[in-house]
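Q: I would like the atomic coordinates for the input below:
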Amino acid sequence: MTVLGDGAAALYDTGPVPGPGGWPVTYEQVATGNLPVVDQPSPAPRLSAGLRLHGEYQGSGFTEPKYIARRGDGQVVQLSRLLYLVASSVDGVRDAEAIAHRVSARFGREVSGENIRFLVEKKLQPLGVTVPEGQEDDEVDAPRSDLLLALKGHRVIFNERRTARIARSLAWLHRPAVVALVLGSAVAMDVWLFGFFGAIEPVLQVLDQPVLILVVFVLTVASLVFHEFGHASACRYGGARPGCIGCGLFLIWPSMYTDVTDVYRIGRAGRLRTDLGGVYFNVVFMLAMAGAYFATGAQFFLATVYLGHFEIMEQLMPAVRLDGYYILGDLAGVPDLYGKIKPILLGLVPGPRGDRARQEVAGLKKSARAIVATWVLTMVPLIIGELGYALWNLPRILTTMTRSLTEQLLGTGSAFVDGKIVEGLVGTIGCVMLLCPMAGVVYLSVKIGGRIIRAAKRSTAGRPRLRLAICALALAGLTGLSYAWVSGVTPKPLPKQPPIAPILQPGVPTEEPPPARRASTPDGPEDSGAPSDTVSGAPAASAGASAVPSAGATSPGASASASPSASVPGSPGQGATSSQAPTSAGPVTEPVSSPPASVPESSTPTPSESVPVSPTPSPSPPPASDPPSPAPATS
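A: Prediction:
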């Protein structure tokens, strides 16, 4: 501080004189304590760590131009033109006034330093674009969009430099002449594989050999990696800069991803090429596998080709955030289709809330609005229907999955204990294939339930009657659903079936358990206390060998299972019917035939015989001299 003058007269000298080391003040100001308040210059704004400004969103479906920025944590934000100009002028050196001059020249309208400070503090800082004032480091803790069907737990496999190098070496595959050649070859390959060779035969051969299953599994993982190179190389071919390639969890399934955020600045055609680049490289990979088959004759390469078709179909589904979802979004020019579900549905509701939603939807072009509305009105009922169907069948799903997983774990453990390493490894793959859907169902149920509860709390805040009504409705729905589960109204669990691919389920029985069959007589319902109609001491024969009763019986008689040591002479073959004399009413304990001497011993089992039973006053024994008449064969 510099004080002017020396003495009493100087108190009335109010002219400020600058001095070294401080702001000029007078003795009067010092004596009265009324020192001037000087505004300190505000520090220059700084961008957050890792922020990238990608420029204008080319081919946008919005009526107003949108600009894309990507934070260091991977979150992509949309900015207006004014906010983008402010962010692009922030360099950590310019203060608000300097930024205001720069933005005014580019925006075409006068922007003051106070306007810049307001935009930085109220608009850019909440989005995580700039660092809050007073913070030393450049890391920001900005909110992220909590996407339900998004990739979680990112891990980088190929960094940006390696990805760029690989993409540059594969970009020639996207030239139009090469694309036409590849697609024509793929059509010829499919015609030959499905029309002449038979696509299922290589798959059956692989299922018969555990080692081949492991080989096909490795090739399938390789095709997934090659799929991501297709996205990166297409991005590079279009003039954009691909980012890293990594992996993560989609719901609960391990998945891979490629950072192609820079593709938003190269136009709609370039984005669609990038979206389709993955499945295009799947086709290239399948052609390479077909070439390997012709070179070696190994059919497991064709099994990989067959499975590649299912991978392509899965990727093209627009319901979840796979390639089909982004293809549809780029056709509409809307990067986040799920973000438009709420305004589209609320726009159907009359009233002020619906008016606000319709204003948000009005920001889309007419063509984009039609595409997005069609997608929303198609996918929302489909998703709700799938969730309702899953809830209705929940006991059935849980019982079947628990039984299958228990058998799978026990069989795989037994394979390792017995020293069958290859079978155990294949069984481990089967365990993963069972665990992932189960964990995905649990994860999705918890996430959806939490979101519904939070949404209900927000919408009923300060409205106790509405909250009480919603709680009562939810309780009634859960009560009815629980009653349906317990009372058996919902479908029963699936019966145990032999595995379709036994090699994936070591130790699991491959034979279907025989159904329980009980006999009844024409006299009435079967008496559980009556003796069995099976020949004493004889095991039951194989199913499907039941014969037709003789003429005169009004209904099928009691089935008598032939013993392994007894066969009827004169029987024409399996399913033959023996013409017998009627016996007295009641359960039959042994078949009636010609004299015992004519029944030879046999060491092979025969089909069961159906012996007619009809009530008569007295038994009529057959004559001893007549041989049994041959019965007509039945199919």
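Q: what separation is there between Arg70 and Arg52?
A: As judged by CB to CB, to the nearest Å, Arg70 and Arg52 stand 5 Å apart. In this view, the C-beta of every residue, glycine as well, is placed from N, C-alpha and C.
Q: show me which residues of whichever strand or helix holds Ser445 are buried.
A: For Ser445, the element it lies in under DSSP states H and E is helix 421-459. Buried residues in helix 421-459, defined by neighbour count with 16 or more other CB atoms under 10 Å: Glu423, Gly424, Leu425, Val426, Gly427, Thr428, Gly430, Cys431, Leu434, Met438, Val441, Leu444.
Q: of those residues, which is the nearest to Arg165?
A: Using CB to CB, Leu425 is the member of the buried residues of helix 421-459 that lies nearest Arg165, at 33.9 Å.
Q: so what's that closest one scoring on pLDDT?
A: We have a pLDDT of 82 for Leu425.
Q: what does Asp138 give?
A: As predicted, Asp138 sits at a pLDDT of 80.
Q: could you pull out the helices in the stretch 1-150 of the chain for me?
A: With helices called from DSSP state H, counting those that start in this stretch, the stretch 1-150 of the chain shows them at 27-32, 81-89, 96-107, 113-119.
Q: highest mean neighbour count out of those helices?
A: Of all the helices of the stretch 1-150 of the chain, helix 81-89 has the most neighbours on average by mean count of other CB atoms under 10 Å, namely a mean of 20.
Q: tell me which other helices or strands that one touches.
A: Judged by 3 or more CB pairs under 8 Å, 6 or more residues apart in numbering; DSSP states H and E, the packing partners of helix 81-89 are strand 52-56, strand 67-70, helix 96-107, helix 113-119.
Q: so which of those comes closest to Val361?
A: Proximity to Val361 (CB to CB) singles out strand 67-70 among these, at 20.7 Å.
Q: contacts for that closest one?
A: 51-57, 76-81, 83-84, 87, 129, 261, 264-265 (CB atoms under 8 Å, 6 or more residues apart in numbering).
Q: repeat that for stretch 123-134.
A: Contacts of stretch 123-134 with the rest of the structure, by CB under 8 Å, 6+ apart, involve 42-43, 45-48, 51, 69, 71, 73, 75, 77, 79, 83, 86-87, 90, 120-121, 137-138, 140-143.
Q: now which of those would you call buried?
A: 45-48, 51, 69, 71, 73, 77, 79, 83, 86-87, 90, 120, 140, 142.
Q: quick one: the strands in the stretch 101-250 of the chain?
A: In the stretch 101-250 of the chain, the segments counted as strands under DSSP state E, counting those that start in this stretch are 151-158, 245-250.
Q: mind listing what's buried along the shortest one?
A: Which is strand 245-250. Buried residues in strand 245-250, counted by 16+ other CB under 10 Å: Ile245, Gly246, Cys247, Leu249, Phe250.
Q: can you put those in a markdown table and add distance to Ala180?
A: Shown next, in a markdown table, are these (distance: CB to CB, whole Å):
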| residue | distance to Ala180 |
| --- | --- |
| Ile245 | 27 |
| Gly246 | 32 |
| Cys247 | 33 |
| Leu249 | 37 |
| Phe250 | 33 |
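Q: and of those, the nearest to Leu170?
A: Nearest to Leu170 among those is Ile245, at 12.5 Å by CB to CB.
Q: where does pLDDT dip in the chain?
A: 1-41, 145-151, 153, 210, 251-252, 494, 497-635 (pLDDT under 70).
Q: mind splitting it into its structural domains?
A: Domain assignment for the chain by automatic domain parsing gives 2-32, 52-124, 151-333, 413-504.
Q: now those as JSON lines including distance to Leu394?
A: JSON lines is the format used below for the domains of the chain (distance: least, CB to CB, whole Å):
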{"stretch": "domain 2-32", "distance to Leu394": "75"}
{"stretch": "domain 52-124", "distance to Leu394": "35"}
{"stretch": "domain 151-333", "distance to Leu394": "18"}
{"stretch": "domain 413-504", "distance to Leu394": "7"}
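Q: wait, which of those domains is closest to Glu360?
A: Per CB to CB, nearest to Glu360 of those: domain 52-124, 10.8 Å.
Q: end-to-end on that closest one?
A: 14 Å (CA to CA, to the nearest Å).
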